[in-house]
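Colleague: predicted model and sequence below, questions to follow.
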Amino acid sequence: MTDFIDDPILTHSFEKLYDEKSRVLILGSFPSVVSRKQSFYYANPANRFWPVMAKVFEETISDRAEFCHRHHIALWDVIASCRIHGSSDSSIHDVKVNNIQDLVDSTEIQAIFMTGRKAMELYQKYITCTAECFGLPSTSPANATVSIEQLKEAYGLIREYAEEKD
């Protein structure tokens, strides 16, 4: 593996998306180059996150933030700052994590979903949290061996938790 020690430390450059009624939290590792430029989660058009969510919730998503609020979904990333080469999760090092428990404590979040192996690995290594957590396959174009139908099946659990009524 190439050592990218010369990569600058990057700080997560946009806010988490949530409100006090959020029931689920979806965590990635760190925003891609495209997401950092657009200041929003899963902004790369080649990433299948939003098409998968549209299939899971059986609707067209025109306003991503509104969709998340309406379905009680919070979006954030495990990492607050790190060194990363481009968008490559495998190059991530010098990690500082976000305070996930504080977000859980200020919302109705009961379940946390990690979008990919690296997010799950980082969460398990660095985070202690009271919410139930689940690992999901990555929607990244780098994970093209997983079909959109397989992703829809895996991500369906998000809808169950998001729509759960007390």
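Modeller: Good, I have the coordinates.
Colleague: residues in contact with the worst-scoring helix or strand of the chain on mean pLDDT?
Modeller: Of all helical and strand segments in the chain, the minimum by mean pLDDT, DSSP states H and E falls on strand 9-11, at a mean of 84. Strand 9-11 is contacted from outside by 30, 36, 80-84, 94, using CB atoms under 8 Å, 6 or more residues apart in numbering. Quick note: C-beta positions are derived from backbone N, CA and C, even for glycine.
Colleague: from the residues you listed, keep the buried residues only.
Modeller: Those of these that meet the buried threshold are 30, 36, 81-84, by 16 or more other CB atoms under 10 Å.
Colleague: got any ranges where this protein has weak pLDDT?
Modeller: 1-5, 165-166 (pLDDT under 70).
Colleague: in which helix or strand does residue 118 reside?
Modeller: helix 117-126 (DSSP states H and E).
Colleague: ok, which stretches of this protein are strands?
Modeller: 9-11, 24-28, 73-77, 79-83, 93-97, 111-115, 132-136 (DSSP state E).
Colleague: burial-wise, tell me which of the ones you listed comes out on top.
Modeller: strand 24-28 (a mean of 27; mean count of other CB atoms under 10 Å).
Colleague: so what are the sheet partners of it and their directions?
Modeller: Each strand paired with strand 24-28, and its direction, by DSSP bridges: strand 73-77 (parallel), strand 111-115 (parallel).
Colleague: what separates it from the chain centre, distance-wise?
Modeller: 5 Å (CA atoms, centre = their mean, to the nearest Å).
Colleague: same deal with stretch 9-25?
Modeller: Relative to the chain's own centre, stretch 9-25 is displaced by 9 Å; criterion: CA atoms, centre = their mean.
Colleague: buried residues in it, which are they?
Modeller: So stretch 9-25, judged by 16+ other CB under 10 Å, has buried residues 10, 12, 16-18, 22-25.
Colleague: how close does residue 155 sit to residue 116?
Modeller: Plainly put, residue 155 is 12 Å away from residue 116 if you go by CB to CB, to the nearest Å.
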